[in-house]
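1. Requesting a structural model of the entry that follows:
(2 chains)
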Protein chains: 2
Amino acid sequence: MRTALSEQLGIEHALFGFTPFPAVAAAISRAGGLGVLGAVRYSEPEQLARDLDWMQEHTDGRPYGLDVVMPARQVRGVTEADIDGMIPAAHRRFVEETLARHGVPPLPAGGRSGWRITGWLEDVARAQLDTAFDYPLALLANALGPPPPDVIDRAHGHGIRVAALAGSARHALRHADAGVDIVVAQGYEAGGHTGEIATMVLTPEVVRAVDPLPVLAAGGIGSGEQIAAGLALGAQGVWLGSIWLTTEEAGLQSGALTGKLLAAGSGDTVRSRCLTGKPARQLRTAWTDAWEDPAGPGTLPMPLQGLLVAEALTRIQQHEAVPLLGTPVGQIVGRMDSVRGVQAVVDELTAGFERAVRRLDRIAGHA
Amino acid sequence: MRTALSEQLGIEHALFGFTPFPAVAAAISRAGGLGVLGAVRYSEPEQLARDLDWMQEHTDGRPYGLDVVMPARQVRGVTEADIDGMIPAAHRRFVEETLARHGVPPLPAGGRSGWRITGWLEDVARAQLDTAFDYPLALLANALGPPPPDVIDRAHGHGIRVAALAGSARHALRHADAGVDIVVAQGYEAGGHTGEIATMVLTPEVVRAVDPLPVLAAGGIGSGEQIAAGLALGAQGVWLGSIWLTTEEAGLQSGALTGKLLAAGSGDTVRSRCLTGKPARQLRTAWTDAWEDPAGPGTLPMPLQGLLVAEALTRIQQHEAVPLLGTPVGQIVGRMDSVRGVQAVVDELTAGFERAVRRLDRIAGHA
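-> Numbers count the residues shown, from 1 in each chain, chains lettered A, B, ... in the order given. Next up, the predicted model:
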């Protein structure tokens, strides 16, 4: 699985793996792909530095990347407390009532919300970047379109390629104009933030729109045949996120969440605004159902919604409140039916890709 | 583009083209694919016989098929008048008000609704089939799952293969159990009735579920690279519907509808119940917007909705009420940007498929 882009990046497979877990990201890089660590959960730069140090030690000198969540235009100087003050009391009550209905206790005294979406905040994201630029990153990806111009310049100054996610050809063009090097075309079926255009249609549209910039196909890709499909659509690589959630390295394997992921079918996800305020595909749970309920207060816009639910999600996780327990995940969750190591997953992906191309050769009369 | 299935059917390309236009279906068969004529608009068997006679004369002995809309379980003896009586007056008023707001006049005296979705009616569908079985069809497809068991038996008795559309692996399994020969896995991005699972995820799921039955990939396929992607996913053929709407043979090229199709982007479709009562992807128009409006009465279940809007759709078409004018079409509408002959479209599809496979060969290191 070699393309011009994989050659430039010095990776064996044109396979990009997004994950919030350093152990998974490092294992993807060691297996010949490019592991991309999600930074959104790091509210403290020290914590990010610790994990990047670990990555540095465990990637055998292979390239890896970092994924941030940074709007191109940010409101400078806005603090978490400012945003917090904008959240209506009725929404806070709804969160508490929903948790109480499922017996979820408050955080223990002194407990902190571990999982939060505060990376979008100017200060937090910039502190993350100040830390990140100390490391020899191969790629800086942004989940919310192009990073601000000065961040792109700084990345380029460090020899770091910049990637940005796009859900439409229009967005992709904007990213190209902003100076990004790689566009990740993220289809409707993907986990996390998605638009409404499916990967099958979106990928070639984005490839055409930003040509000659390289495009990664994302969304609906969790097998070798899906990789072949993504590359057939003109992509120079594939971007996989969901598939790593049930790897041994993700460390979820003993938890109730892994059980839910292994049991879920492709129809068990929902594209909901309840996580961040923007539509993000995730496991359908009693929690997402509550937010979709017309009798509820509805979701708030980004960034209010993310701040509103951050502590609740931590409490759900810590209490292992199974009916409420969820995660961003794509429609390929239906295919995730065993816990394996990252290397075994990559081996199966590359072998499946090879089989799919051989089969296409026969169909085309080449073999 | 040869697979075991295309060999069995005696077609040159594993390419199935669904269309309501006999001239398009015949041209697809002549170009080496399998043209499948949509029967739903034929309320009179004589009209269907006339068009099948024409197909017979214009397909140069190549195989072709027919697509009906037949629920597996039908309520026998229910007439159009019975159904008509179940439609609430408020819904009829909403239709008239919406048409009036756009200046759409009533049908001329003695005018008949040409376009109607009455094929689902036991009597109409059975009359269609009585006619159809007089012709040497290669394929009988059903858009609403497996046809009733006796219809499958009759088709098999005539040596006709039976195909059924499925939007989930569960539906596909049910179709296989009912005795269909081919499953059309129709993804979220397709035009017409669709589920929520995208083609990229649905196709391999259905292939696995019904193995060894052959599967056609449908939804999001309108180029050679998309064909390569669909076949990479394990399908034995691809099923294309939207792409033919802007062919010369479709005969729309002078109309306002063609202009709207050529101008539309991939984001200009909507999955709405306003056509039949079940979610069907179609061009977003002032008409679909009216039905999606929370202030409106909402849609009725199938078959009421189809009967409710049949005459209105004819009036919109006859009056060329541009803002209301629409059609079922998939997300690939964004790619439909010129009017060409069917042969030119098929040539481009097969050449694009060949290019995509060659590119995959290079990525896999085969060439």
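2. and the angle for the longest helix seen in chain A with helix B:342-364?
-> Taking DSSP state H as the criterion, chain A has its longest helix at helix A:342-364. Put simply, helix A:342-364 runs at 140 degrees to helix B:342-364, going by axes from the mean of the first three to the mean of the last three C-alpha atoms, to 10 degrees.
3. So which elements touch helix A:342-364?
-> strand A:15-19, helix A:22-30, helix A:224-232, helix B:224-232, helix B:342-364 (3 or more C-beta pairs under 8 Å, 6 or more residues apart in numbering or on different chains; DSSP states H and E). (C-beta placed from N, C-alpha, C; glycine too.)
4. if we compare the ones you listed, which one ends up closest to residue A:175?
-> For residue A:175, the closest of the helices and strands packed on helix A:342-364 is strand A:15-19, at 16.1 Å, according to C-beta to C-beta.
5. Which neighbouring elements make contact with the closest one?
-> The contact analysis (3+ C-beta pairs under 8 Å, 6+ apart) places strand A:15-19 against helix A:22-30, strand A:34-38, strand A:237-240, helix A:342-364.
6. List the neighbouring strands of it plus their orientation.
-> Applying DSSP bridges, strand A:15-19 is found paired with strand A:34-38 (parallel), strand A:237-240 (parallel).
7. out of the helices and strands packed on strand A:15-19, deepest packed?
-> Among those, ranked by average contacts under mean count of other C-beta atoms under 10 Å in any protein chain shown, first place goes to strand A:237-240 (a mean of 30).
8. How far away from the center of its chain is that strand?
-> Centroid separation for strand A:237-240 versus its chain: 12 Å, with C-alpha atoms, centre = their mean, to the nearest Å.
9. Can you show me the CA trace of that strand as PDB?
-> Coordinates of each C-alpha in strand A:237-240 appear next as PDB, following Å, rounded to 0.1, in the frame of the first residue of the first chain:
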ATOM      1  CA  GLY A 237      -4.200   7.000   1.700                       C
ATOM      2  CA  VAL A 238      -6.900   6.000   4.200                       C
ATOM      3  CA  TRP A 239      -7.700   7.400   7.600                       C
ATOM      4  CA  LEU A 240      -9.100   4.900  10.200                       C
END
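10. Tell me the residues on the stretch 51-200 of chain A that lie near chain B, please.
-> A:168, A:169, A:187, A:188, A:189, A:195, A:196, A:197, A:198, A:199, A:200 (C-beta under 8 Å from any C-beta of the partner chain).
11. Tabulate these in JSON lines, adding columns for pLDDT, secondary structure and neighbour count.
-> Below are those laid out as JSON lines (pLDDT from 0 to 100; DSSP: H, G, I helix; E, B strand; the rest coil; neighbours: other C-beta atoms under 10 Å in any protein chain shown):
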{"residue": "A:168", "pLDDT": "97", "secondary structure": "coil", "neighbour count": "21"}
{"residue": "A:169", "pLDDT": "97", "secondary structure": "helix", "neighbour count": "24"}
{"residue": "A:187", "pLDDT": "98", "secondary structure": "coil", "neighbour count": "33"}
{"residue": "A:188", "pLDDT": "98", "secondary structure": "coil", "neighbour count": "28"}
{"residue": "A:189", "pLDDT": "98", "secondary structure": "coil", "neighbour count": "32"}
{"residue": "A:195", "pLDDT": "96", "secondary structure": "coil", "neighbour count": "22"}
{"residue": "A:196", "pLDDT": "97", "secondary structure": "coil", "neighbour count": "19"}
{"residue": "A:197", "pLDDT": "98", "secondary structure": "coil", "neighbour count": "29"}
{"residue": "A:198", "pLDDT": "98", "secondary structure": "coil", "neighbour count": "31"}
{"residue": "A:199", "pLDDT": "98", "secondary structure": "helix", "neighbour count": "35"}
{"residue": "A:200", "pLDDT": "98", "secondary structure": "helix", "neighbour count": "39"}
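12. Widest-spaced pair of those residues?
-> Maximum distance among these (C-beta to C-beta): 17.4 Å, for A:169 and A:189.
13. Which parts of chain A are strands?
-> For chain A, strands defined by DSSP state E occupy the ranges A:15-19, A:34-38, A:64-68, A:139-142, A:161-166, A:182-186, A:192-193, A:215-218, A:237-240, A:269-272, A:280-283.
14. any idea how far the first one is from the chain center?
-> Strand A:15-19 has its average C-alpha position 9 Å from the chain's average C-alpha position, going by C-alpha atoms, centre = their mean.
15. residues contacting residue A:219?
-> The contact partners of residue A:219, by C-beta atoms under 8 Å, 6 or more residues apart in numbering or on different chains, come to A:185-190, A:194, A:198-199, A:202, A:330, B:198, B:200.
16. at 7 Å what do you get?
-> A:186, A:187, A:188, A:189, A:190, A:194, A:199, A:330 (C-beta atoms under 7 Å, 6 or more residues apart in numbering or on different chains).
17. Does the third one touch residue A:194 like I think?
-> Yep, that's residue A:188 we're talking about. Yes - at 5.3 Å, residue A:188 and residue A:194 qualify as touching, with contact defined as C-beta atoms under 7 Å.
18. buried stuff in the helix or strand bottoming out on mean pLDDT in chain A?
-> Within chain A, no helix or strand scores below helix A:80-84, which has a mean of 79 by mean pLDDT, DSSP states H and E. By 16 or more other C-beta atoms under 10 Å in any protein chain shown, the buried positions in helix A:80-84 come out as A:80, A:83.
19. Send me that helix as CSV with only the CA atoms.
-> Only the C-alpha atoms of helix A:80-84 are listed here, as CSV (Å, rounded to 0.1, in the frame of the first residue of the first chain):
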residue,chain,number,x,y,z
GLU,A,80,-13.9,28.2,30.2
ALA,A,81,-15.6,30.2,32.9
ASP,A,82,-17.0,32.6,30.3
ILE,A,83,-18.5,29.8,28.3
ASP,A,84,-19.7,28.1,31.4
